[in-house]
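> Mind folding the following:
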Amino acid sequence: MSASPISLDDKYTRGTGRVFLTGTQALVRLALAQRERDAAAGLNTAGFISGYRGSPLGGLDQALWKAKTHLETHHLFFTPGVNEELAATAVGLAAGGLFPGAKYDGVFAMWYGKGPGVDRCGDVFKHANAAGSAKHGGVLLVAGDDHACKSSTLPHQSEHAFDAAMIPVLYPTGVREILELGLHGFAMSRHSGCYVALKTVS
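I've put the predicted structure just below:
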């Protein structure tokens, strides 16, 4: 994966001579795009990503590790969580802007996990959303839903759990919208102080 900018006007389709990304790669690219957007606006930000390595987003950690050199060049840091709750807590601490003397203007953060992990994090998400995100931070919660119960013991969707935590949900319908709505989600989180969710399916 190249660290060079990719225009969101490109069509991410095969056979067109343009860049093609999988949904998992698009999530990695989303973090890079947010950092580039901040740099263009004169902001010195960093990014933090953490989540649970279970399916259906289990390949995201591998994609992040493969892109480690590019991520670190853009001040983006990835640490997988032992479980969903610890990952969510780490994300909240990174993006909360709670500590004085920070070397960045803000830290934006991304949490990822499957639908049952969203259920497990209900208390963490409610408290974190109530505390809010920093002005130049922003938090995106990426939920991998499994409507057909292909890799889970129960079928699940996350909108109800996010609604209970007063977290708005964005639902991309394709790879391009993962980038577009993901950037929009970070902007929403910064403007409102709320956490914002991004629902994904295979």
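> Report all helices and strands that the strand of greatest length in the chain contacts.
Among the segments of the chain that qualify as a strand by DSSP state E, the longest is strand 106-114. Contacts defined by 3 or more Cβ pairs under 8 Å, 6 or more residues apart in numbering; DSSP states H and E place strand 106-114 against helix 23-40, strand 45-51, helix 84-95, strand 139-145, helix 175-192. (Each C-beta comes from the backbone N, C-alpha and C, glycine too.)
> Show me the shaky parts of this structure.
1-19, 54-58, 96-99 (pLDDT under 70).
> tell me the contacts of the residue nearest the centre of the chain?
By Cα atoms, centre = their mean, the chain has its centre lying nearest to Met110, at 3.2 Å. By Cβ atoms under 8 Å, 6 or more residues apart in numbering, Met110 lies in contact with 27, 30-31, 47-51, 91, 139-142.
> Apply 6 Å and report the result again.
For Met110, the contacting residues are Ile49, Leu140, by Cβ atoms under 6 Å, 6 or more residues apart in numbering.
> coming back round to it: what about dumping the CA coordinates of the longest strand of the chain to CSV?
As requested, the backbone C-alpha atoms of strand 106-114 are provided in CSV (Å, rounded to 0.1, in the frame of the first residue of the first chain):
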residue,chain,number,x,y,z
GLY,A,106,-5.2,16.1,18.7
VAL,A,107,-5.4,12.4,18.3
PHE,A,108,-8.1,10.8,16.2
ALA,A,109,-8.9,7.2,16.9
MET,A,110,-10.6,4.2,15.4
TRP,A,111,-12.0,1.2,17.3
TYR,A,112,-13.0,-2.0,15.5
GLY,A,113,-14.7,-5.2,16.5
LYS,A,114,-17.5,-7.5,15.5
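> wouldn't Val175 be in contact with Gln25 here?
No - the criterion here is Cβ atoms under 6 Å, and Val175 misses it with Gln25 at 8.3 Å.
> Pick the most buried one from the helices and strands packed on strand 106-114.
Of those, the one with the most neighbours on average (mean count of other Cβ atoms under 10 Å) is strand 139-145, at a mean of 27.
> tell me the SS of Phe77?
With DSSP: H, G, I helix; E, B strand; the rest coil as the basis, Phe77 sits in strand.
> who does it bridge with?
Beta-bridge partners for Phe77, by DSSP bridges, are Phe48.
> ok, it - how many residues close by?
18 (other Cβ atoms under 10 Å).
> Spatially nearest residue to Ser50 (excluding sequence neighbours)?
Take Ser50 and drop its neighbours on the chain: the residue closest to it by Cβ to Cβ, 6 or more residues apart in numbering is Ala87, 4.1 Å away.
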